[in-house]
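Asks: Can you look at this prediction? I've put the sequence above it.
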Amino acid sequence: MSDFCGVILAAGESSRMGRDKALLPWPRGTSGSGTFLSAMIRAFSTYCDLVIVVVGENEPMLAPIIYAEGAFLVSNPAPDRGQFSSLQTGLHDVLNRGRDSAMITLVDRPPPGADTLRTLIDTYSTRDHNTWAVIPEHAGKHGHPMLIGRELIEAFLQHPASSNAQEILHAHADRIDYVEVDDLRVTANVDTPDDYASLQSES
C-alpha cells in the first residue's frame, strides 16, 4: 500500500466500440462478471491508498461496479469537453482528498501486470526532485499508467480543459522518467471490436 491515489478515466462515449469499454468482459473466457473497469480497480487497489473513477453520462451503468469494488466515483459535469477535462476532474479530487501523488490510467485496456506496477512504484519512490513523473514504455511506445507528483498535477490543472495531456508531457519531457517494461498491456489501445478481439487472442 502507498499514498498514491489511483485515477481511472472512464467518462468516454466509446463510440467506435459500440458499447462502453469499461464494461468489456475481462479476463476473457471466464464465467464471472469481471470487466476492464473492475479489473483495473482491483489492480490499482493493491498499490494505491484509494481509487477514483471519473465517469460521465455513463455514471448509472458504472456506479454499481465502482462502489462494489470499494472505489470512489467523481463525475465530469461536461465530458464532451474531452479526455483532458476528465483528467482535471480526477486530479482536483486527488488534491481535495489531501493526496499529492496519482497513478493514472485509461479504462479502455486490461490492467498491467503486478510486476509492472511494482517496478513503476519502486522507480517513482527512488526518483530525485527533478523527476515529476514515471511513465512505462514498451517496444519504444509510451503507455499507462502514469505515476505523477504534485508538480505535474499542478501543471495539468493550470491548462484549459481543451488542452492535450501529451503536449504538456512533451513540454516537460526532461522531468519524466520513461521506464521500459516487458508488458504489452501498458500500450494496449482498445478502441474498436477488432482491437478487443485481437487483445483477447493474445491474453
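Replies: Received it, and whenever you're ready, just let me know what you need. Residues are numbered from 1 along each chain as shown.
Asks: Which of the three states applies to Asp128?
Replies: coil (DSSP: H, G, I helix; E, B strand; the rest coil).
Asks: State the phi and psi torsions of it.
Replies: Dihedral angles phi and psi of Asp128 (degrees, to the nearest 10) take the values phi -90, psi 180.
Asks: Would you state the predicted confidence (pLDDT) at it?
Replies: Note on Asp128: pLDDT of 92.
Asks: where along this protein do the helices fall?
Replies: Counting by DSSP state H, the chain has these helices, from start to end: 36-45, 59-68, 83-96, 114-125, 150-157, 165-171, 193-202.
Asks: Remind me what the longest one packs against, helices and strands.
Replies: Contacting helix 83-96 under the criterion 3 or more C-beta pairs under 8 Å, 6 or more residues apart in numbering; DSSP states H and E are the following elements: strand 5-9, strand 50-55, strand 72-75, strand 102-106, helix 150-157, helix 165-171. Quick note: C-beta positions are derived from backbone N, CA and C, even for glycine.
Asks: Determine which residue lies closest to the centroid of this structure.
Replies: Thr105 (1.0 Å; C-alpha atoms, centre = their mean).
Asks: what's near enough to touch that one?
Replies: Under the criterion of C-beta atoms under 8 Å, 6 or more residues apart in numbering, the contact list for Thr105 reads 6-9, 40, 44, 111, 144-146.
Asks: rerun at 6 Å
Replies: Counting by C-beta atoms under 6 Å, 6 or more residues apart in numbering, Thr105 touches 8, 144-145.
Asks: least reliable of the helices of the chain going by mean pLDDT?
Replies: Of all those, helix 193-202 has the smallest average pLDDT, which comes to a mean of 80.
Asks: and that helix, how far out from the chain's middle?
Replies: A distance of 20 Å separates the centroid of the chain from that of helix 193-202, by C-alpha atoms, centre = their mean, to the nearest Å.
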